[in-house]
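Q: Here is a sequence together with a model predicted from it:
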Amino acid sequence: MTSTDRIRRARTTLALALAARALLVAVASALAVVAVGVVVDSVAGLPLTLRELLLPAALLTGAAVFASLFLLRVRGAWRATDEDVALWLEGRIPSLRYALVTSLGAPQSPAARALADEVASAPVERTVRQASGHALWRPGVVALVLLGLVSLAPPGAVARVTAPEAGDLLARAGGAARAERDPLATIVVRVSPPAYTGLPARTFEDPSAVPALAGSRVTVEGLGAGVRAIVGSDTVRATTRATTRATTRATTRASAREGSPPSWVVALAVPAQPGAVRLLGPARERLFLIDPYADSVPTARLDLPARDSVLREARGDLALAAEFRDDLGLAEGAFEYIISAGAGETFTFRSGRVAARRFDAGVRVARIAGVLPLDSLRLGAGDLIHLRAVATDRNDVTGPGTGASETRTIRVARPDEYDSVAVDPMPPTEPEKNALSQRMILQMTQELHARAPRLAAPVLQRESRAIALEQTRLRKRVGEVVFLRLGEGEGGEHAHFAGDGHAHGEEGPVDAEEILAAAERAANAGATRMLESEGDETPIVAINRPLLEAYNHMWRAATELETARPGEAIPWMERAIEALQRARAAERIYLRGRPARVVVDLAKVRGTGKERGSPVIRDPREPLDAEREARLARFDRALDVVRADPGAAADTILLVRVSLPADDRATARALDAAADALRRGGDVTAPLQSARRALAGPPVRAGALVPWGG
Amino acid sequence: MGRLMPDFTFATAQYDSGDWDSAPLVPANVIDSVARYTAIDVAPTGVIVPLGSRDLFKYPLVYLTGHLPVRFSDVERTRLGEYCARGGMLFVDDHNHDVDGQFHKTAWEAIAGAVGPLQDLPNDHALYRSFFRFPDGPPTTSHELNGWGDNLVHKHLQAVLRGDRISVLYSSKDYSSEWNYHPDNKRFFSVDNTRFGVNIVVYALTS
């Protein structure tokens, strides 16, 4: 073997040794991160999210260390020249006296041949081995020590860091000792939803409240033994298999796992109403709340037919389309129809389903379409088709839930009925005429606007003013319609508000709110007349508001036209048309006939003549908040013991939470937060304040000051 | 503070899906009976209140009838549920008198969805003695006795109860036909057949 060969082998060996050293240092670094994590978790208990980051952090640290060392050291060794290696060896083997370097410089020279024996006898390989071993032993020992430390830790403690999962709180180091003192110190609650949902189980560690889908199974687990459970707020003797309600069963069993401390498990069914689970241990008791929520019923939206309609003849197909949604999964969707025929006291009915479709598991949104063949339904004049879309979900535990869309009614017209499909055409109503006219004026304005660039200014001004005149006439007609409706004569506009330019000086838009308010006051003044309302607005407002809006938009449009700016007038005209359309829609609400109004002569019935008697002032009812007061009092009692016994205070707050009405979710959340905060410790002022405010409800505003006079 | 409304105003529910106005004379007839037999301060005429309107909350008793399918809109369903939760009482009468009819089927479904499932009301319920005494339960109607509709004499009314209180009272006996005549014609009856209406009103106002 030549000197060159020996040097190159030495370089390879040294480079590999450095690589191995880098690897050992990297492993030691990663193990150090894990070990620190295990220690900190054992002492302080790291949250799951942090523990989930620990193993990736350890691997990342190891990789970073390895990459750094490789780049700094190994690559340099690998790239070292033969002369560098020879000099490195000469430095460690003084007996060579530069023979190795000399032989490399001129290997065929007589001097090199003379030094060959000296080079051959040099302990190059041993030197390389020693250097390699020296480089490896320290990081190797450190890595082994760390590995030993990690191995000596309790298996659960390491697993909490290397393979963290929700619910591994029980595996935390020191758990057995804590459980021996208090089996209720740590609990883990697992909620397994029903199979049909396909949802994974959820785990809660030391919870105050556990949300659970109705039909789920709940298991409560802890370390130690001698734990019993009581479910519900009623007082029930604790047994190893406690049952407080027919729908709720609780079983307790203590089990000893191989190599781990004994543990207890309570299996519960989710109750129908929120209920407290009381866990009784040898030393104390502990509460948590099961907060059930229901599988929502599917929602259905009937897209086609889009609205109720009247058919002149029952021919052809009626297109159907619907969309269904469910929170967990749809099972089936279809269209349902009922056909009612008859009148007066004699009605007959037929019903059926079309376009039914089953959905695969996991489908949460679906659309179906179909047709309703009208020919085959044998519909007669006056018949009604009541149509809706229905869907069922996959709930096989508490359901199935059924949802339905709003119902559309399709009516087949009677030939003799007095409606728009069977009578001679009649002139449009006044608002419709106004809409038609406004459209024509808009078209004229659009044409003028298009021609404007080519028109001379005086021409544009003249034509624009001509349209403005038409716009003003139409505006006044709308004003007359409004005032006729409000019970005034046709001259109402002139008599009551600015807008005509005759009696009130400068023209301007009307204040719709003011006029409507005045109209409502006038309609209600001095009468016991009860207006039937459309939503939260009286008919006066519902019909006339859009007309007054149209009036104002027309005024703006005319103003723009007066100054020869047709382009600026167009948006106002479009808004006027839109308002007129709304007025027409508002009117249609009242197309349905009203029954005859029969007024009973009470005085005659009672035989009281004209004597009215003394009016009786009704006493206001007592506020119906006795339950709220009771809850507040109970909450205040919990506040009294917050300092002395936060656990008891948290339990009391949970019991208050149980007594809440089911729909008071905001207060429930505030109480849960307060109970959680009490269990966690620290400053609980803010959550307790929030909880009390939520319990007390919003402040009540007094209507007015009490008048003088007692 | 002066009086804003009478103690009782007869309110007829207007719902989107059916012929809610099929018994236009029932309100006047019941008002007449309330005035005739009680001292309740009653409004001389009834009102029509949309079931989806917040005005519903002004009236402690609301009457709903019809022949055609009852399909509440979302707003109506929500409002009715809220109304009953706040202590209101809905009186529903099947104007078809037909348990196989679509009013009956759809009304039961709609009420169950909005308020809760209906169940038989015991014939000794406080409703039957809230003013007049009806020891045998709900009075029969001529429509039942003549075999019209489903040809049944219904032994019970149905109700959705909140505790002991009736939130929804449901009748298949067709009081809507029985009471749908002008109150002036009441003088031709030997026994006023609208007396049970007084019980419903008094129960709604006092229980």
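A: Thanks, I have it. Numbers count the residues shown, from 1 in each chain, chains lettered A, B, ... in the order given.

Q: you'd agree A:Leu199 is in a strand?
A: No: counting by DSSP: H, G, I helix; E, B strand; the rest coil, A:Leu199 falls outside a strand, being coil.

Q: wait, what's in contact with residue 196?
A: Just so you know, I chose chain A. Neighbouring residues of A:Tyr196 by Cβ atoms under 8 Å, 6 or more residues apart in numbering or on different chains: A:Leu328, A:Gly329, A:Arg394, A:Asn395, A:Asp396, A:Val397. Where you see a C-beta, it was placed from the backbone N, CA and C, and this is true even at glycine.

Q: The intended chain is chain B.
A: Applying Cβ under 8 Å, 6+ apart, the residues contacting B:Phe196 are B:Phe132, B:Phe134, B:Pro138, B:Pro139, B:Tyr175.

Q: I'd like to know which of those residues is nearest to chain A.
A: B:Tyr175 (13.8 Å; Cβ to the nearest Cβ).

Q: what bridges to the closest residue to the closest one other than its chain neighbours?
A: Leaving aside its sequence neighbours, B:Tyr175 sits nearest to B:Asp93 (Cβ to Cβ, 6 or more residues apart in numbering or on different chains; 4.9 Å). Bridge pairing for B:Asp93 (DSSP bridges) gives the partners B:Thr65, B:Ser171.

Q: Verify the stated contact: B:Trp108 with B:Gly116.
A: No: using Cβ atoms under 8 Å, B:Trp108 is not in contact with B:Gly116; the gap is 11.1 Å.

Q: And the least confident helix or strand in chain B by mean pLDDT, what's buried?
A: Lowest mean confidence among the helices and strands of chain B (mean pLDDT, DSSP states H and E): helix B:142-145, at a mean of 86. Neighbour-count burial for helix B:142-145 flags B:His143, B:Glu144 (criterion: 16 or more other Cβ atoms under 10 Å in any protein chain shown).

Q: Stretch A:191-210 too?
A: Buried, per 16+ other Cβ under 10 Å, within stretch A:191-210: A:191-194, A:196-197, A:202-210.

Q: pLDDT-wise, what's the bottom of the contacts of A:Tyr196?
A: Among those, A:Val397 carries the lowest pLDDT, at 83.

Q: ok so, going back, drop anything exposed from the contacts of B:Phe196.
A: For these, buried by 16+ other Cβ under 10 Å: B:Phe132, B:Phe134, B:Pro138, B:Pro139, B:Tyr175.

Q: Would you map the helices across chain B?
A: Using DSSP state H, the helices of chain B run over B:26-37, B:74-85, B:102-114, B:142-145, B:175-178, B:195-206.

Q: what residue ranges in the stretch 151-300 of chain A score low on pLDDT?
A: For the stretch 151-300 of chain A, the stretches with pLDDT under 70 are A:155, A:173, A:232-261.

Q: Also chain B?
A: If you take pLDDT under 70 as the line, chain B has these spans: B:1-5.

Q: hmm, try it at 80
A: Along chain B, the model assigns pLDDT under 80 to residues B:1-6, B:18, B:147-150.

Q: ok, residue 97 - contacts?
A: Chain wasn't specified; assuming chain A. A:Glu118.

Q: that answer is for a different chain, and I need it for chain B
A: If you count contacts by Cβ under 8 Å, 6+ apart, B:His97 has them with B:Thr141, B:His143, B:Glu144, B:Trp148, B:Gly149, B:Asp150, B:Ser172, B:Lys173, B:Asp174, B:Ser177.

Q: 7 Å instead, please
A: B:His143, B:Glu144, B:Trp148, B:Gly149, B:Asp150, B:Ser172, B:Lys173, B:Asp174 (Cβ atoms under 7 Å, 6 or more residues apart in numbering or on different chains).

Q: Then B:His67?
A: By Cβ under 7 Å, 6+ apart, the contact set of B:His67 is A:Phe347, B:Asp19, B:Ser22, B:His95, B:Asn96, B:Phe103.

Q: A helix includes A:Gly222, no?
A: No: per three-state DSSP, A:Gly222 lies outside any helix segment and is strand.

Q: Now for it, how many residues are close by?
A: 28 (other Cβ atoms under 10 Å in any protein chain shown).

Q: in the stretch 51-200 of chain A, which spans are helices?
A: Assigned helices in the stretch 51-200 of chain A, in chain order: A:75-79, A:82-92, A:99-105, A:110-120, A:124-152, A:155-162, A:175-181 (criterion: DSSP state H, counting those that start in this stretch).

Q: What are the buried residues along the third one?
A: Think helix A:99-105. In terms of neighbour count (16+ other Cβ under 10 Å), helix A:99-105 has its buried residues at A:Ala99, A:Leu100, A:Val101, A:Thr102, A:Ser103, A:Leu104.

Q: go on, the last one?
A: For helix A:175-181, the neighbour count (16+ other Cβ under 10 Å) marks A:Gly175, A:Ala176, A:Arg178, A:Ala179 as buried.

Q: show me which of the contacts of B:His97 neighbour chain A.
A: With Cβ under 7 Å from any Cβ of the partner chain as the criterion, those include none near chain A.

Q: hmm, which of those are the buried ones?
A: By neighbour count, with 16+ other Cβ under 10 Å, the contacts of B:His97 hold B:His143, B:Glu144, B:Trp148, B:Gly149, B:Asp150, B:Ser172, B:Lys173, B:Asp174 as buried.

Q: for these, which one is nearest chain A?
A: B:Trp148 (7.8 Å).

Q: mind checking the backbone torsions on the nearest residue to that closest one once chain neighbours are set aside?
A: Nearest residue to B:Trp148, sequence neighbours excluded (Cβ to Cβ, 6+ apart): B:His97, at 6.1 Å. Main-chain torsions, B:His97, degrees, to the nearest 10: phi 50, psi 60.

Q: on that earlier part again, quick one: list the elements packing against the least confident helix or strand of chain B.
A: helix B:175-178 (3 or more Cβ pairs under 7 Å, 6 or more residues apart in numbering or on different chains; DSSP states H and E).

Q: just checking, what packs against the helix it packs on?
A: helix B:142-145.

Q: from the chain's centre, how far out does the helix it packs on sit?
A: Here helix B:142-145 shows a centroid-to-chain-centroid distance of 18 Å under the convention Cα atoms, centre = their mean, to the nearest Å.

Q: Provide the contact partners of it at residue level.
A: With Cβ under 7 Å, 6+ apart as the criterion, helix B:142-145 contacts B:His97, B:Gly149, B:Leu152, B:Val153, B:His154, B:Lys173, B:Asp174, B:Ser177, B:Glu178.

Q: ok, A:Ser132 to A:Glu406 distance?
A: 83 Å (Cβ to Cβ, to the nearest Å).
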